[in-house]
Each structure stands twice: as structure tokens, then as C-alpha cells.
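Colleague: Based on what follows, work out the 3D shape:
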Amino acid sequence: MRSLPGVEDEWMEGVLGDVVLVNGAPWPVHEVDAACYRLRLLNAANARRFRIALTVPGGPDLPLVQIGADGGLLAAPVTHQAIEMAPAERFDVFVDFSVLPVGAEVTMVNGLGTGRAADVMRFRVVRAAADDSRVPDRLSEVEPLVPAPGATVRTFDFTRGAVGDHSGWTINGTSFDPDASLADIPLGETEIWRFVTDVHHPVHVHLDPFQVLSRNGRPPGPFDAGWKDTVDVRPAEVVDVAMRFSDYTGKFVMHCHNLEHEDMAMMATIRTV
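Modeller: Predicted coordinates for the structure are as follows:
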């Protein structure tokens, strides 16, 4: 990763395909009851971002009731008309198909896509069903991570830069080195990690989840709730997260989850001590 470019220069921004796969199938159709469903959404694309919505011909979009994030259930449900997902982000959602008649079709679309990449999949309501399920007002007890006054603040700058003798992607001006630690983190301490970007970078931290504190000094965004291990950091954005490692000492990695950026060395080793 330090001597040869991971991808050719023309692809280093990230490759966007023209076929959307869901569970390995292109643009599938899934038959459902007129009932409530719990869906686990994962953006497994190498670089594409999605803005997921459920459209109904001649009617309003179906709401997506978010009940979970990357690291588990939310404290309380959050209703979205659409959900933006960067690579590696996960959203656990509740969808009510019982409001539709048998025979209705619902298309999952990507509001950030064009052409065929704007369509993801389709649901077809094929039968009536008894269903008394509902989403509770409270889902889980989520411990707030509150950094103490004077807590350590670490800044990680995700930018394009030199990787050996070729162009690539760097964190704090350095490319991936598995033998070096960019930061030594004491177990059990809550720190503030500040992610700064030049372009879109979905930042993914291994081992323990975190909580988003702010975006550009303002409150977290609508898709930042709960325990996260990947956060979508937009162009020229500063995102602060509360980070705490509590389980194991040793070396772990943090990286951009745009796979072309990762392959072009935008990864860092961190060490818990």
C-alpha cells in the first residue's frame, strides 16, 4: 500500500457502478404481506452514497421509522421520509406496508442516483395479513458519552496527498503504516475525535462505537443518532465524535470506507493502551 497505487489515477476518487445489487441480485422484486416489516439497510457499495426513499405511485412516500444504527437500537424511534447512507453505514428501519392495498407496488429509490442507479428494488404487496405490531416509544437505554472538561481532543485530517511517489489519500498527511500508531488511546477514557475532510469521506473506526457530538459546531445531523462506527463526513466538514475504547488493548485501524480511498492508503493504525 505504500509502494504501489491501489487503483489507477482515473478511479481514485471512487468507482460508481451502473447496476445496483440488493443481496447480490440486480433490482430485485420482493413480495410482502400488507403488514409491518423490520428492514436492515446496509450500504455495501464501494463508493456510492444513497438517499433511500420508498415511493408509491399516486400516493405519498412510505415513512422509514429508524429504530437502530450501526451499533444497535436507538433510545427512541426517529421517523424519516428518506435516509442518506454512506458506504458501511447501517440503518435498522420499520416499514408499514399495511396502509397499502393488496396489489400495490413500492419502489425503493436512490435520490442521489441517476439513470438505472436511481432505482434500488421493488416491494409488491401480495396478500392481506393480521398484524398488531408497533414501534415502542422507548427502544433501549443508550448511555450518553459525555467528555469530561479538559478531555483529550484529537484531530484527524482526511485529505488527498502523496503516498510514496504517487498520489493517494492520507490521514494527518501520512499514509497507512501498520507498524506505526497515529494515536495511543487509554482504555476507559472518553475523548473527542475531530474528523476534518477535503471531500466526502465515510470515516470508520474499528473495535468500539462512538457517538456524534456535532457537525461544523452545530448539533448532529438527522442520521447521526445512536451508536455509530461509521460517520459520513461531507466535503470541507468538521465532525466531532465522543470516542471511548473499553474492551481490549492492542492495535486497531481507522480508515475511510470509500474502498478506493482505503486502497490508496487512507488508513491509520491506532493503539489502545
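Colleague: ok, now how distant is Val32 from Val95?
Modeller: 9 Å (CB to CB, to the nearest Å). (Glycine included, C-beta is placed from N, CA and C.)
Colleague: Please tell me how far the residue nearest to the spatial centre of the chain sits from Met264.
Modeller: Nearest residue to the geometric centre of the chain (CA atoms, centre = their mean): Glu89, 2.2 Å. Using CB to CB, Glu89 is found at 21 Å from Met264.
Colleague: Also Ser140?
Modeller: In terms of CB to CB, Ser140 sits 38 Å off from Met264.
Colleague: Which one's more surrounded, these two?
Modeller: Met264 (29 against 14; other CB atoms under 10 Å).
Colleague: wait, that one sits on Gly6?
Modeller: Yes. Here Met264 reaches Gly6: they are 4.8 Å apart, a contact under CB atoms under 8 Å.
Colleague: contacting residues for Arg154?
Modeller: Residues near Arg154 by CB atoms under 8 Å, 6 or more residues apart in numbering: Ala183, Glu191, Ile192, Trp193, Arg194.
Colleague: again, only using 7 Å
Modeller: When contacts are counted by CB atoms under 7 Å, 6 or more residues apart in numbering, Arg154 is found next to Ala183, Glu191, Trp193, Arg194.
Colleague: what's the answer for Arg38, then?
Modeller: By CB under 7 Å, 6+ apart, the neighbours of Arg38 are Asp92, Phe94.
Colleague: so it is in which element?
Modeller: Assigned by DSSP states H and E, Arg38 belongs to strand 36-42.
Colleague: Show me which positions of that strand end up buried.
Modeller: Neighbour counts using 16 or more other CB atoms under 10 Å place Cys36, Tyr37, Leu41 of strand 36-42 among the buried residues.
Colleague: Partner strands of that strand, with direction?
Modeller: strand 90-96 (antiparallel) (DSSP bridges).
Colleague: among the contacts of Arg154, which ones are buried?
Modeller: Buried among those by 16+ other CB under 10 Å: Ala183, Glu191, Trp193.
Colleague: Nearest to Ala225 among those residues?
Modeller: Closest approach between the buried ones among the contacts of Arg154 and Ala225, by CB to CB: Trp193, at 17.9 Å.
Colleague: which SS class is that closest one?
Modeller: strand (DSSP: H, G, I helix; E, B strand; the rest coil).
Colleague: Helix or strand for the closest residue to it other than its chain neighbours, just tell me which one.
Modeller: Closest residue to Trp193 apart from its sequence neighbours, by CB to CB, 6 or more residues apart in numbering: Met243 at 4.7 Å. For Met243, the element it lies in under DSSP H and E is strand 238-244.
Colleague: Counting by contacts, list what the one helix or strand in the chain whose mean pLDDT sits lowest packs against.
Modeller: Ranking every helix and strand in the chain by mean pLDDT, DSSP states H and E puts strand 166-171 at the bottom, with a mean of 90. Contacts defined by 3 or more CB pairs under 7 Å, 6 or more residues apart in numbering; DSSP states H and E place strand 166-171 against strand 153-163.
Colleague: and the gap between Phe245 and Ala151?
Modeller: As for Phe245, its distance to Ala151 is 14 Å (criterion: CB to CB).
Colleague: Looking at those two, which is more packed in?
Modeller: Counted by other CB under 10 Å, Phe245 and Ala151 do not tie: Phe245 has more neighbours, with 22 against 13.
Colleague: got a pLDDT number for that one?
Modeller: At Phe245, the model reports a pLDDT of 97.
Colleague: just Asp177 next, same as before
Modeller: Looking at Asp177, its pLDDT reads 92.
Colleague: shaky segments in the stretch 1-150 of the chain?
Modeller: Within the stretch 1-150 of the chain, the segments meeting pLDDT under 70 span 1-5.
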